[in-house]
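**Student:** Output the structure for:
(one chain, ligands or ions: 1)
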Amino acid sequence: MRLALRGGNPLERAALRANLVPTPAAEAWGGVAMSGVLVAAVRTGIVARLAGAPAPAAQIAADLGLAPSPTRLLLDCLVSTGHVRRGRDGSLRLARRNRRWLDPASEIGVARFVNACGDYFDWWRDLDRLLVAGTPVEHHDRPPEDPYWRRYILGQLDLARLSAAEVARRLDLPAGARSVLDVGGGHGWYAAMLCRAHPGLTATVLDLPGSARVGRDVIEAAGLSHLVSFLEGDARQAEFPPDQDAVLCFNLLHHLTEAEIPALFARAHAALNPGGTLAILDAFAEPARARTDAAATHLALFVRLTSGSTVHRPDQLTAWLHAAGFTPPRRVRTARIPGLALYQAGKRR
Ligand SMILES: C[S@@+](CC[C@H](N)C(=O)[O-])C[C@H]1O[C@@H](n2cnc3c(N)ncnc32)[C@H](O)[C@@H]1O
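**Tutor:** Numbering: from 1, shown residues only. Model prediction:
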């Protein structure tokens with residue numbers, strides 16, 4: 001893991017190359033350590049404080065009411081990983097390259113996603129339960145009032161903000177499109193940006209109550225409630241409102257089983273007007289990467305751990321769409337969504 005490989009002297013680097021270092025130990029230890037430091041730095045307000053004026057560790061601890069010694073140790077970690085810079089006078093500030101990602105004021109910041117990652121520690125710890133008993137976490141089963149939903153959906157919003165404008169630009173909507181249904185749309189940001197890009201378009205987000213509550217707050221705070229409204233329901237059973245020109249299904253399929261998706265596509269088809277379009281954004285088990293790319297393999301396992309489902313194959317998507325009455329999906333190229341694929345299919349009949 002990077003943590004162990006950084007800062008080594010030439011002798012240590014040579015030892016690494018010669019496979020004299022027990023890298024699995026470093027990986028098991030370092031992965032969770034690095035994640036823990038970042039999550040705590042966000043959750044305690046250290047990151048936000050660093051994004052303000054530079055200050056020495058003792059001042060940061062005092063400002064935030066934190067214990068001085070562990071705060072200094074955590075800040076040392078952040079300096080060693082390059083997230084934070086120490087000035088000659090000992091004052092600390094967010095490293096320039098991390099400002100755009102961690103400053104809470106940044107429009108492309110991901111601090112809320114980092115915060116949400118704190119929920120994953122317990123899940124990974126219990127991974128062996130999935131292997132032994134086959135039991136996933138099922139995080140969508142939590143009661144709607146659980147504060148977990150806010151962490152989850154605001155984290156997803158951070159990621160969506162990185163690509164929503166580009167997705168809105170690249171999707172091909174029918175001329176004069178007036179209505180879009182965003183199934184599992186959570187925060188509603190993709191739908192909102194699509195509406196902004198297409199005057200006259202309004203959106204309905206259908207999502208579980210816990211997510212829809214957060215989404216409503218997000219959209220209201222952004223002054224976009226005139227464009228996006230929310231409907232609470234389970235996408236596996238809910239009736240979809242009719243008369244849609246587009247249906248979005250973004251980062252939802254990997255939460256659903258192979259048995260649930262065909263029926264969902266059939267309802268999307270029924271909800272669409274003639275000439276309507278279905279857009280799908282998700283991670284797919286692409287043959288070239290599915291078994292070899294560490295990010296793809298870990299995501300596939302994470303999805304099984306959290307939802308009991310998995311990432312599906314592009315050929316399955318094509319078959320499901322065909323059976324539901326859609327044209328073969330067109331892959332929409334995007335620059336800002338590494339690891340995910342955006343597809344669009346038209347209503348065929
Ligand atoms: C990973 S988030 C993606 C949110 C948003 N579509 C995006 O791409 O940023 C998955 C969303 O699907 C919703 N979801 C999961 N299972 C669902 C179900 N059975 N019915 C409706 N929504 C569901 C979650 O509540 C969450 O909002």
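
**Student:** CA atoms for contacts and neighbours, from now on please.
**Tutor:** Noted.

**Student:** give me the number of residues near the residue of the stretch 1-150 of the chain found nearest the ligand?
**Tutor:** Residue nearest to the ligand within the stretch 1-150 of the chain: residue 140 (6.1 Å; Cα to the nearest ligand atom). Counted with other Cα atoms under 10 Å, residues neighbouring residue 140 total 16.

**Student:** Can you verify it is assigned to a strand?
**Tutor:** No: Residue 140 sits outside any strand when classified using DSSP: H, G, I helix; E, B strand; the rest coil, being helix.

**Student:** Contact partners for it?
**Tutor:** Neighbouring residues of residue 140 by Cα atoms under 8 Å, 6 or more residues apart in numbering: residue 307.

**Student:** Send over stretch 24-41 as CSV, restricted to the C-alpha atoms.
**Tutor:** Only the C-alpha atoms of stretch 24-41 are listed here, as CSV (Å, rounded to 0.1, in the frame of the first residue of the first chain):
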residue,chain,number,x,y,z
PRO,A,24,0.3,-7.9,2.6
ALA,A,25,0.9,-6.8,6.2
ALA,A,26,1.5,-3.2,5.1
GLU,A,27,-1.6,-3.3,2.9
ALA,A,28,-3.9,-4.7,5.6
TRP,A,29,-2.6,-2.2,8.1
GLY,A,30,-2.1,0.8,5.9
GLY,A,31,-5.4,0.8,3.9
VAL,A,32,-7.6,1.3,6.9
ALA,A,33,-5.2,3.6,8.7
MET,A,34,-5.1,6.1,5.8
SER,A,35,-8.8,6.0,5.4
GLY,A,36,-9.3,6.4,9.2
VAL,A,37,-7.1,9.5,9.3
LEU,A,38,-8.9,11.2,6.4
VAL,A,39,-12.4,10.4,7.8
ALA,A,40,-11.5,11.7,11.2
ALA,A,41,-9.9,14.8,9.8
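
**Student:** Just give me how far that stretch sits from the chain centre.
**Tutor:** 20 Å (Cα atoms, centre = their mean, to the nearest Å).

**Student:** list the buried ones in it?
**Tutor:** Using 16 or more other Cα atoms under 10 Å as the test for burial, stretch 24-41 gives 30, 34, 35, 36, 37, 38, 39, 40, 41.

**Student:** where's the third one relative to residue 53, distance?
**Tutor:** I take that to be residue 35. 25 Å (Cα to Cα, to the nearest Å).
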